[in-house]
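Enquirer: Kindly return the folded structure for what I paste below:
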Amino acid sequence: MKRRGAGEREKDVKIRCGELVAFQKLLGYNSQHPSPKICMKRKLLDELGESWLPYLTPKDDGFHQLWKTKYSKLVLRTAEKIPKEVHEEVQEAFLTLQKHGCFFQDLVRIKGKDFVTPVSRILIGNPGCTYKYLNTRLFTVPWPVEGYEINYSHPEISKACKALIKLNCYLHRESVQALQEQNLAETKGMEDSPVIDRHRDYATSITEMGSILQDQSPSHVPENDHSHLKERTSYNLSLLNYMDPQQMPFLKQEPYFGMGKMAVSWHHDENLVEGSTVAVYSYSCEEPAADILEEKAPSGRDPAVWHVGLKVAWDIKNPGLAVPLYPGDCYFMLDDLNMTHQHCVLAGLPPRFSSTHRVAETSLLLCEFRKEEQAEEQRNERISCLLPILEERQELRQDWLARCHSQLVENLPKDEKPECHPYWQEGDASMPLPFNLEDIIAELQSLLEC
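Expert: This is a model prediction of the structure:
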């Protein structure tokens, strides 16, 4: 393990202690009654001490074995294995949306503080879908789907959205195939899992899997298995990202492994259907200029190339993984990988677009229990389930109203300011509940007290 300098250790310890205290305050815990996660984090940081954790890249011995044994649910499809027309249409769509000013930095909240993201984003997907991350809810720009008449502000934007829904369909098919290969590898006890990389020839094992899949035709696969695969790969939206590292005055350093600059810190993707796959198309759109190339480290990842980093959550015993991403590569986080592991995006030098396809869950079913004749015990049980949800929704709505009028937002250009949307006036008969839920919450609380 690489040793850190004394000044670096002291700064890092101070930052980590500050993060821990802020996290405790945010969750409402004090030092006498810490949460289980706080205890786990404390223990891991104590075990880590002054050393970097080890991580492997493709040039390291044991990289492929580590990927196969600890990260087998990460699958890479290199650019040369993806149809040329997919690359052409998707990359043109990225540049079109950028030309029309469709990418925006988001106002997010981390540990009780507001920040503007270094990555610019746009959410595209099924009409009416939303996606929430870091206490910020995004609303889809709809891609064209049957049954909806969608009017775009420019024909080029319409064409770009069509390209992205075609990519969505392609990634859905690839995801189903990857899950089938994964399942077969597990059930047949095959030596190689369906990870693919450009440093080792997996062609033989992939061909063998393909022949087995042909023998196992759809008629021989149980219907519930088909339904389960479809449910976990039917992507209903894509979060598109863009960042030019050369325009960022400061990017955080990866704190645990020494992997270098991060575009996106360690995280699990939020608000997704449990066990669903996440599919990502990555495009770093130009090679770095010779005059901005940094000196390559003797060990570790190439800082000029974008990478996705992975680690086992709450673990310091297994090395991390840094997988290089070249223009047009796709990767898939299958099954429960997003829950059992964390991932980050490690910045390279050239600007990069990505399209991250997800199965988002953002619906809430309100039971109309007041219309039914119920025993008091049953009624109170239902109210007790519903009330915390309404209280949280009320708090989030009021919080977002305040954030939309914060000083930080006032300093943003007019066309980049977040909107308080959806928002409706009191007494709007078209809405099932008022925007301000204060009276509804008070009514339910009074019923519980009866």
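Enquirer: so what's Pro118 up against?
Expert: By C-beta atoms under 8 Å, 6 or more residues apart in numbering, Pro118 lies in contact with 105, 243, 248, 251, 263. Every C-beta, even on glycine, is put in place using the N, C-alpha and C of the backbone.
Enquirer: Mind doing that once more with 10 Å?
Expert: 105, 243-245, 247-252, 262-264, 347 (C-beta atoms under 10 Å, 6 or more residues apart in numbering).
Enquirer: What confidence value was assigned to it?
Expert: The predicted structure scores Pro118 at 90 on the pLDDT scale.
Enquirer: State the distance from it to Leu237.
Expert: 22 Å (C-beta to C-beta, to the nearest Å).
Enquirer: Only C-alpha atoms, please: export the helix or strand where Leu76 lies in PDB.
Expert: Applying DSSP states H and E as the criterion places Leu76 in strand 74-77. What follows is strand 74-77, C-alpha atoms only, in PDB (Å, rounded to 0.1, in the frame of the first residue of the first chain):
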ATOM      1  CA  LEU A  74     -20.000  -5.400 -14.000                       C
ATOM      2  CA  VAL A  75     -20.000  -6.100 -17.800                       C
ATOM      3  CA  LEU A  76     -18.200  -4.100 -20.400                       C
ATOM      4  CA  ARG A  77     -19.100  -3.900 -24.100                       C
END
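Enquirer: if we can go back for a sec, now the two most distant members of the contacts of Pro118.
Expert: Pro249 and Val264 (17.2 Å; C-beta to C-beta).
Enquirer: And the two? Which one has more around it.
Expert: Val264 (19 against 5; other C-beta atoms under 10 Å).
Enquirer: ok, now which ones touch the closest residue in space to that one that isn't next to it in sequence?
Expert: Nearest non-adjacent residue to Val264, counting by C-beta to C-beta, 6 or more residues apart in numbering: Val345, 4.0 Å away. Residues near Val345 by C-beta under 10 Å, 6+ apart: 119, 241, 243, 262-267, 280, 282, 306-309, 325, 352, 354, 356.
Enquirer: so how many other residues sit close to His341?
Expert: Considering only other C-beta under 10 Å, His341 is surrounded by 22 other residues.
Enquirer: show me where the stretch 251-400 of the chain has strands.
Expert: Secondary structure of the stretch 251-400 of the chain (DSSP state E, counting those that start in this stretch): strands at 262-267, 278-284, 307-312, 320-324, 330-333, 341-346, 352-358.
Enquirer: Relative to Gly128, which of those strands is closest?
Expert: strand 352-358 (15.4 Å).
Enquirer: which residues touch the host helix or strand of Arg109?
Expert: Here Arg109 is covered by strand 104-110, with elements defined by DSSP H and E. Strand 104-110 is contacted from outside by 19, 22, 26, 114-123, 133-136, 138, 242-243, 265, 399-400, 403-404, 406, 408-409, 412, 415-418, using C-beta under 10 Å, 6+ apart.
Enquirer: let's go with 7 Å and repeat that
Expert: 114-117, 120-122, 134-136, 403, 409, 416, 418 (C-beta atoms under 7 Å, 6 or more residues apart in numbering).
Enquirer: Give me the subset of these lying in helices.
Expert: 403, 409 (DSSP state H).
Enquirer: What subset of the contacts of strand 104-110 is buried?
Expert: 117, 120-122, 135-136, 403, 418 (16 or more other C-beta atoms under 10 Å).
Enquirer: got a markdown table for the residues you listed, with distance to Ile316 too?
Expert: Below are those laid out as a markdown table (distance: C-beta to C-beta, whole Å):
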| residue | distance to Ile316 |
| --- | --- |
| Thr117 | 28 |
| Ser120 | 33 |
| Arg121 | 31 |
| Ile122 | 36 |
| Asn135 | 28 |
| Thr136 | 31 |
| Arg403 | 36 |
| Pro418 | 38 |
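Enquirer: Look over those residues and name the one with the lowest pLDDT score.
Expert: Asn135 (79).
Enquirer: measure that one to Gly328 for me?
Expert: 33 Å.
Enquirer: Kindly calculate the angle that the longest strand along the chain makes with strand 352-358.
Expert: Longest strand in the chain by number of residues, with DSSP state E as the criterion: strand 113-125. Here strand 113-125 runs at an angle of 70 degrees relative to strand 352-358 (axes from the mean of the first three to the mean of the last three C-alpha atoms, to 10 degrees).
Enquirer: now strand 113-125 against strand 262-267, angle please.
Expert: Computed by the same axes, to 10 degrees, the angle separating strand 113-125 from strand 262-267 equals 90 degrees.
Enquirer: what's the span of stretch 284-301 from first residue to last?
Expert: 17 Å (C-alpha to C-alpha, to the nearest Å).
Enquirer: any chance of the strands of the stretch 251-400 of the chain in CSV, plus distance to Asp61 and mean pLDDT?
Expert: Formatted as CSV, these follow (distance: least, C-beta to C-beta, whole Å; pLDDT from 0 to 100):
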stretch, distance to Asp61, mean pLDDT
strand 262-267, 25, 93
strand 278-284, 26, 97
strand 307-312, 18, 97
strand 320-324, 14, 97
strand 330-333, 23, 98
strand 341-346, 21, 96
strand 352-358, 29, 98
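Enquirer: Run a quick neighbour tally on the closest residue to Leu171 other than its chain neighbours.
Expert: Residue nearest to Leu171 in three dimensions, not counting chain neighbours: Ala279, with 4.1 Å by C-beta to C-beta, 6+ apart. Using other C-beta under 10 Å, Ala279 is surrounded by 27 other residues.
Enquirer: tell me the pLDDT at Gly258?
Expert: 92.
Enquirer: Now it. Its backbone dihedrals?
Expert: phi 70, psi 40 (degrees, to the nearest 10).
Enquirer: Which residue comes closest to it once chain neighbours are left out?
Expert: Nearest non-adjacent residue to Gly258 (C-beta to C-beta, 6+ apart): Trp52, at 4.4 Å.
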